[in-house]
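**Q** sequence first, predicted coordinates after that:
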Amino acid sequence: MGVPPLIASDQQIGYCVVGFSRPRHFSEEDRSLLIALSGLVAQALERARLYDAEHTRAQELQRGLLPRTLPTVSAVTAEARYLPASEGVQVGGDWYDLIPLSGERVALVIGDVMGHGLSEAATMGRLRTAVHTLADLELPPDELLTHLNDLVGDLGDDFYATCLYTVYDPVTNRCAFASAGHPPLAIVHPDGTAHFPHVDADPPLGAASPPFETHEVQVPEGSHLVLYTDGLVESSAVDIDEGMARLAQALTRAAAPAADPSGAACAPASAPTTLHDPGRLCDAVISTLVPEQAATHDDAALLIARTRSMAPDRVVSWALPDGPIAAAEARHHVTEQLSAWHLDELTMTTELLVSELVGNVVRHAKGPPRLRLLYGRTLICEVSDASLTTPRIRRAAETDEGGRGLQLVAALSDRWGTRFSGTGKCIWTEQALPSPAHPAAA
């Protein structure tokens with residue numbers, strides 16, 4: 001029996017035991033062969049250990065960078081699923097997120113870094129962080145993807161990623177989205193019918209030449225927005241067109257309203273279905289497209305959000321005159337509306353906020369201003385104007401007679417910010433509701 005040591009990286013990691021059924025004398029050639037064999041075995045074991053350690057680190061990194069739970073928002077009810085590849089040991093760069101925005105809007109985003117491994121998992125984390133930062137700037141989908149494309153381009157010529165960024169507004173029930181080489185958004189209507197908006201997809205991030213294009217669709221209340229990566233609909237045995245057709249069929253079967261024994265639907269087609277929440281819909285799609293017994297070679301991510309609308313009586317808007325009288329008229333509207341909403345506790349603070357915001361428009365921006373109040377999870381006050389200048393807080397000297405307006409706005413509100421549109425900008429504030437207040441979403 002021969003017992004040569006296993007040496008890897010100048011360290012002994014074990015022994016190689018070679019046994020025979022009867023006594024045997026080892027010649028010099030035998031000994032040389034066993035030493036060479038033990039060296040090969042040691043190197044193979046060391047590489048396997050390092051490969052497994054890298055895979056474990058990549059998995060931990062990827063799990064740590066994906067959201068543990070999705071935030072609770074009024075605009076949608078959302079659930080997500082992540083499915084690691086069942087074959088191979090490399091992790092992918094699939095990711096998803098839900099980001100609350102101003103005005104009760106919400107951003108839904110999903111992406112896929114091309115390739116597998118620790119580097120791709122790290123790139124996924126960088127892109128997710130970048131999307132959060134850009135979303136806080138209230139950029140429209142096309143501009144956000146333009147900045148992401150620059151980021152991916154700076155990583156090198158070998159990095160590419162796909163991304164679908166969607167913004168849903170529960171006040172208008174409109175969904176704005178832009179795609180960079182990603183599989184198209186799926187929309188499931190309340191009656192269970194599923195379709196993919198027909199738009200031309202832009203190239204992937206890292207290969208695209210901006211500008212990107214933002215598309216808008218009207219989404220009925222109670223619809224489901226379905227975002228997914230190609231690992232869910234495409235494989236070596238199924239092309240993407242067939243996979244998307246199977247996805248549409250699975251969504252339709254899972255989300256269609258149940259029928260009574262006579263064959264009639266239990267609810268009218270226009271009524272939002274409550275038979276399947278997003279979590280059940282996710283599980284139904286996965287069980288259809290990715291059976292447990294099937295081997296998959298690519299990671300897959302799925303994000304489904306069920307839309308809700310702001311109740312019409314929780315959104316009010318007024319056009320204000322272009323002049324100093326605008327602030328007084330805004331205060332009057334605030335007092336009356338908050339009394340109607342039984343939010344009198346917030347009247348004084350909200351009057352101060354609208355006075356500062358409308359006063360800034362009159363003094364520094366282009367009018368006429370417009371005031372909008374939203375009664376959702378918080379009280380939102382928005383003042384819009386036709387100027388594209390960005391307001392900023394500055395430090396006023398003790399002898400200055402002005403310059404403290406935005407400091408007051410920041411002190412009185414829980415959150416405030418600015419977003420831009422094609423016609424100007426909107427400055428918004430949020431205030432926490434008194435405890436007896438009720439949620440605004442239908």
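**A** Right, received. Where do you want to start?

**Q** all strands for the stretch 251-400 of the chain, in order.
**A** Assigned strands in the stretch 251-400 of the chain, in chain order: 300-307, 315-319, 370-375, 378-385 (criterion: DSSP state E, counting those that start in this stretch).

**Q** tell me the strands beside the last one, with direction?
**A** This points to strand 378-385. Taking DSSP bridges as the criterion, strand 378-385 sits next to strand 370-375 (antiparallel), strand 424-432 (antiparallel) in its sheet.

**Q** can you tell me what sits against that strand?
**A** Applying C-beta atoms under 8 Å, 6 or more residues apart in numbering, the external contacts of strand 378-385 come out as 102-104, 330, 334, 338, 343, 346, 350, 353-354, 357-358, 361, 365-374, 414, 421, 424-433. Glycine gets a C-beta too; all of them are placed from N, C-alpha and C.

**Q** and the strands paired with strand 378-385 as JSON lines, adding distance to Val73?
**A** Compiled in JSON lines, those are given as follows (distance: least, C-beta to C-beta, whole Å):
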{"stretch": "strand 370-375", "distance to Val73": "13"}
{"stretch": "strand 424-432", "distance to Val73": "13"}
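
**Q** what about burial for the contacts of strand 378-385, which qualify?
**A** Using 16 or more other C-beta atoms under 10 Å as the burial test, those include 102-104, 330, 334, 338, 343, 346, 350, 353-354, 357-358, 361, 365, 367, 369-374, 424-431, 433 as buried.

**Q** tell me which of the strands of the stretch 251-400 of the chain sits nearest to Ser32.
**A** strand 300-307 (50.5 Å; C-beta to C-beta).

**Q** off-centre distance for that closest one?
**A** Taking the mean C-alpha point of strand 300-307 and that of its whole chain, the gap between them comes to 10 Å (C-alpha atoms, centre = their mean, to the nearest Å).

**Q** same question for stretch 162-182.
**A** Counting by C-alpha atoms, centre = their mean, stretch 162-182 is centred 10 Å from the centre of its parent chain.

**Q** which parts of the chain are helices?
**A** When secondary structure is read from DSSP state H, the chain shows helices at 28-65, 118-136, 141-154, 240-255, 278-289, 325-340, 347-364, 405-412.

**Q** any chance of a markdown table for the ones you listed, columns mean pLDDT and distance to Ser387?
**A** Converted to a markdown table, the helices of the chain look like this (pLDDT from 0 to 100; distance: least, C-beta to C-beta, whole Å):
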| stretch | mean pLDDT | distance to Ser387 |
| --- | --- | --- |
| helix 28-65 | 75 | 39 |
| helix 118-136 | 87 | 21 |
| helix 141-154 | 93 | 19 |
| helix 240-255 | 90 | 44 |
| helix 278-289 | 90 | 40 |
| helix 325-340 | 96 | 14 |
| helix 347-364 | 92 | 8 |
| helix 405-412 | 86 | 15 |
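
**Q** between those, which one is nearest to Glu216?
**A** helix 141-154 (9.7 Å).

**Q** thinking again about what came up before, Ser119: which of the strands paired with strand 378-385 is closest?
**A** Proximity of those to Ser119 was assessed by C-beta to C-beta; the nearest stretch is strand 424-432, lying at 39.0 Å.

**Q** what residues does that closest one touch?
**A** For strand 424-432, the surrounding residues in contact (C-beta under 8 Å, 6+ apart) are 102-103, 346, 349-350, 353, 357, 360, 365-366, 378-391, 409, 412-420.

**Q** verify the stated contact: Leu151 with Ala130.
**A** Yes - under the contact definition of C-beta atoms under 8 Å, Leu151 touches Ala130, with a separation of 5.5 Å.

**Q** can you list the domains in this protein?
**A** By the assignment in automatic domain parsing, the chain contains the domains 5-58, 67-307, 312-432.

**Q** ok so, going back, closest to Asp136 out of the strands paired with strand 378-385?
**A** Shortest distance between Asp136 and the strands paired with strand 378-385, using C-beta to C-beta, is found for strand 424-432: 12.9 Å.

**Q** point out the most buried one among the domains of the chain.
**A** Stretch with highest mean neighbour count among the domains of the chain: domain 67-307 (a mean of 19; mean count of other C-beta atoms under 10 Å).

**Q** okay, how far is it across that domain, tip to tip?
**A** End-to-end distance for domain 67-307, by C-alpha to C-alpha, to the nearest Å: 20 Å.

**Q** how far out from the middle of the chain is that domain?
**A** Its chain's average C-alpha position is 8 Å from that of domain 67-307, according to C-alpha atoms, centre = their mean.

**Q** same deal with stretch 305-318?
**A** For stretch 305-318, the gap between its own C-alpha mean and the chain's C-alpha mean amounts to 22 Å (C-alpha atoms, centre = their mean).
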